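sequence plus the predicted model coming up.
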Amino acid sequence: MVEQAHNQSSTKRPALYLAEYDTPNAIAQAAMKVRDAGYKKWDCHTPYALHGMDEAMGLKPTKIGFISFFFGMAGVATAVLMMNYMNAWDFNLLDLGRGYPIIVGGKPPGAFPSMVPIMFELGILFCGFATLFGLLGIIKLPRHHHPIFESERFEAASDNKFFISIEASDQNFDLGRTRALLESTGPTHLELVEEGA
Amino acid sequence: MSHDAPIKELGETYLLPEGTTAHEVTETIARVTENKAPRGWWLLFLMSLGGLGAMGGALTYLFVQGVGVWGNNAPVYWAWDITNFVWWIGIGHAGTLISAILFLFRQKWRTSINRFAEAMTVFAVLCAALFPAIHTGRPWFDYYLFPLPNQMDMWPNFKSPLMWDVFAVNTYLLISVIFWYMGLIPDFATLRDRSKNLFRKRAYGFFALGWRGAHRHWQHYERAYLILAGISTPLVLSVHSVVSFDFATSIVPGWHTTIFPPYFVAGAVFSGFALVTTLMLICRSVFKLHKVVTVKHLDLMNKFMLGTGLIVGYAYVMELFIAWYSSNPYEQWVFLHNRLGWGILDSEGNWGPLWWAYYTMVFCNVVVPQIFWFKRARTSVPIMFIASILINIGMWFERFVIIVTSTYQDFLPSAWGMFHPTLIDILTYLGTFGLFFTLFLLFVRWVPMIAIAEVKGTLVGAHPDLHALEPLEEPGAAAAPVPAE
């Protein structure tokens, strides 16, 4: 069941332990145990988002909503400033081109109601972009390479298998003890993944 | 998993057949992009390329000659171009509705069709955006539409609903692309991991961004997806509302109506669901997806068409009633003569000449969907296929009726006229089908057309039952971590 670390050449060093499980319940149970053992740099790899794993892994709630909200409001503000500059106020900002009042249909140049649709749309637009790029920023993707992909079996992580990885850079990581911990969670397969020097 | 198991007493069943495994889901969906294309795909693809070519020809001729090659002329300045614009953008609405609104309502059945519908949204909005761009007559000046600083110090007029439309449609296109792509990241990773050759691995790997299914990623990803669904929901309602403002804020009889925003949104969802059904039925049989897109999904889609069809029918009746009740002779003329035909006859006792367009619309949009009251119709593939096509024909006529019958005879009889489409009108419209289907066929061939990761999340026992789990026995001394130094 446990595969010995192969290829002990000097250029390879341990990167992470990879334990494989067959069912959501098995990985949740194992995750709780790894959580309680005090590891920090570890993760669960699943083909879809498993609900309940936040608790099993002891994760704090995500803060991405703050990013989305901030940029959404920034979009609304941008829209108000832009429309007032181009259609209501009268000055030249940074030599962009002079803004001036435009009177249409006898309405005041800075009439608020007709600005609402574009305020809304620009708020949504900024919020959407901020959510995508905020997400990529938080999860640090795109990433060109990760040692976990050295494992052949890991290809099933996007199909139907569940994995726990504990990284060697974790301060609690120890080749013997970490292996024993993972073995005690009853994985169907356990391997040490190594990366090149 | 008692909380999301179907309630047998109510006749509920599992979405996918019981015993479907995650691996089967991956296989069914991913193999479409891996196997050789079926002959039917090539046939459709060549036809679509032909349509795209026709569009290219029609557009080239248009740009060289000017918009005079279309039938648009006084007093019908908006005709097929804007009809097609509104029709295409309406079709796009089903995608966002399925992906965003049904997501917020936790309608899990959406997972089998959402990717597909989102792709449809993106392509339909592209087709839609083409029409306002080309109907400006001089499309090389289209940059005037955007608030770009320029040497003329010339700014857009933000009090115009047409400007609102520029922002609404572009925002809708960009947000739809983001939403679609974000959902695709885990599925691109699946395709990357299954790839046998280096080129596929690199190509899918590029778009998968190095996704490794980490739960520390899923956690943020799920919330980001929820936020996008949350902002897309008001967005989708706003887009067709803003499109309807193009008409409703004018004083043209037949356009100047407060019922337009909800009426347009309902009609958009209605036609979008119809096109999703049409295309899904074709793809389901060509690519053998019966296991993932079941009759149950189709049944639910048809219920949506029935519901939105009833809203549209209500709007038709209410428009006529208000026109009659308003005692406004111009309003009454447009509704009772130009549309209904017999409501007011002209001086020679004739019906309005475009009455047939109105009745085509009513038949396709109000009469046809009533068949979905019957379960046998909702679960019959041939019936829903024909009905969904008729509904889309009806929805095209709805926009045609709104646009042309309101303008060809409006206020003064001396300014009345008639609209006749030209060959270039027809070629441009058919050509956008070429554009749509070319993109769509490339999509079904190279991109997972069903959200693999999301479907897996709806399988029986897909999620851990945390509180029912027995804790594992305490780790032995050997497994205890080394204390931090």
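Yes, it's here. Just so we're clear, the structure is a prediction, and the values are computed from it rather than from any experiment.

which parts of the stretch 201-350 of chain B are helices?
B:215-248, B:260-286, B:295-326, B:329-332 (DSSP state H, counting those that start in this stretch).

nearest to chain A, of those helices?
helix B:215-248 (4.1 Å; C-beta to the nearest C-beta). C-betas here are computed from N, CA, C, even on glycine.

could you give me the average pLDDT of that closest one?
Mean pLDDT, computed over helix B:215-248, is 92.

what about the spatially closest residue to residue B:154 that is not a sequence neighbour, which SS state?
With sequence-adjacent residues excluded and distances taken as C-beta to C-beta, 6 or more residues apart in numbering or on different chains, residue B:154 is closest to residue B:144, at 7.4 Å. At residue B:144 the chain is in helix, as set by DSSP: H, G, I helix; E, B strand; the rest coil.

neighbours of residue B:144, how many?
14 (other C-beta atoms under 10 Å in any protein chain shown).

ok, back up a step: rebuild the helices of the stretch 201-350 of chain B as CSV, extending it with mean neighbour count and distance to chain A.
Formatted as CSV, those follow (neighbours: other C-beta atoms under 10 Å in any protein chain shown; distance: least, C-beta to the nearest C-beta, whole Å):
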stretch, mean neighbour count, distance to chain A
helix B:215-248, 22, 4
helix B:260-286, 23, 11
helix B:295-326, 18, 19
helix B:329-332, 17, 21
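
nearest to residue B:92, of the ones you listed?
Among the helices of the stretch 201-350 of chain B, the nearest to residue B:92 by C-beta to C-beta is helix B:260-286 (6.6 Å).

quick one: that closest one to chain centroid distance?
6 Å (C-alpha atoms, centre = their mean, to the nearest Å).

tell me the contacts of residue B:153?
Contacts for residue B:153 were tallied using C-beta atoms under 8 Å, 6 or more residues apart in numbering or on different chains; they are A:97, A:98, A:100.

one more pass at 7 Å, please.
Residues in contact with residue B:153, defined by C-beta atoms under 7 Å, 6 or more residues apart in numbering or on different chains, are A:97, A:98.

packing partners for the helix or strand containing residue A:66?
Assigned by DSSP states H and E, residue A:66 belongs to helix A:64-87. Counting contacts by 3 or more C-beta pairs under 7 Å, 6 or more residues apart in numbering or on different chains; DSSP states H and E, helix A:64-87 is packed against helix A:116-138, helix B:215-248.

take the helices of the stretch 201-350 of chain B and lay them out in CSV including distance to residue B:171.
What follows is these, written out as CSV (distance: least, C-beta to C-beta, whole Å):
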stretch, distance to residue B:171
helix B:215-248, 7
helix B:260-286, 16
helix B:295-326, 23
helix B:329-332, 33
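
number of nearby residues for residue B:49?
Residue B:49 has 14 neighbours, counted by other C-beta under 10 Å.

how far off centre is the helix or strand harbouring it?
Assigned by DSSP H and E, residue B:49 belongs to helix B:39-65. Distance, stretch centre to chain centre, for helix B:39-65: 21 Å (C-alpha atoms, centre = their mean).

identify all contacting residues around the next helix or strand after that helix.
Reading on from helix B:39-65 to the C-terminus, the next helix or strand found by DSSP H and E is helix B:80-96. Helix B:80-96 is touched from outside by B:70, B:72, B:117-118, B:120-121, B:124-125, B:127-128, B:131-132, B:135, B:169, B:176, B:232, B:236, B:239-240, B:243, B:267-269, B:271-273, B:275-276, B:395-396, B:399-400, B:403, B:421, B:425, B:429, B:432, with contacts defined as C-beta under 7 Å, 6+ apart.

what is the orientation angle of helix B:80-96 with helix B:215-248?
Helix B:80-96 runs at 150 degrees relative to helix B:215-248, counting by axes from the mean of the first three to the mean of the last three C-alpha atoms, to 10 degrees.

next, the residue nearest to residue B:371 when sequence neighbours are not counted: phi, psi?
Excluding the flanking residues, the one nearest residue B:371 by C-beta to C-beta, 6+ apart is residue B:377, at 4.4 Å. Dihedral pair for residue B:377: phi -70, psi -40, per degrees, to the nearest 10.

residues in contact with residue B:124?
So residue B:124 contacts B:88, B:89, B:91, B:92, B:436 (C-beta under 7 Å, 6+ apart).

the same query, at a cut-off of 6 Å, please.
B:88, B:91, B:92 (C-beta atoms under 6 Å, 6 or more residues apart in numbering or on different chains).

so the second one versus residue B:125, what's the distance?
If you measure residue B:91 against residue B:125 using C-beta to C-beta, to the nearest Å, the figure is 9 Å.

out of the two, which sits in the more crowded spot?
residue B:91 (29 against 25).

tell me which element the nearest residue to that one once chain neighbours are set aside falls in.
The spatial neighbour of residue B:91 that comes closest, neighbours along the chain excluded (C-beta to C-beta, 6+ apart), is residue B:124 at 4.3 Å. Using DSSP H and E, residue B:124 falls within helix B:114-135.

rounded mean pLDDT for that helix, please.
Here the average pLDDT along helix B:114-135 is 91.

show me what counts as buried in that helix.
B:114-132, B:134-135 (16 or more other C-beta atoms under 10 Å in any protein chain shown).

distance from it to the middle of the chain?
8 Å.

that one: what's the following helix or strand?
In N-to-C order, the element after helix B:114-135 by DSSP H and E is helix B:161-194.

for that next one, packing partners?
helix A:116-138, helix B:114-135, helix B:198-208, helix B:215-248, helix B:452-456 (3 or more C-beta pairs under 6 Å, 6 or more residues apart in numbering or on different chains; DSSP states H and E).

of all those helices, which one is nearest residue A:170?
Short answer: helix B:215-248, nearest of the helices and strands packed on helix B:161-194 by C-beta to C-beta, at 13.4 Å.

from the chain's centre, how far out is the closest one? Work that out for me.
For helix B:215-248 - counting by C-alpha atoms, centre = their mean - the centre lies 14 Å from the chain centre.

how far does stretch A:45-64 stretch from one end to the other?
By C-alpha to C-alpha, to the nearest Å, the extent of stretch A:45-64 from end to end equals 21 Å.
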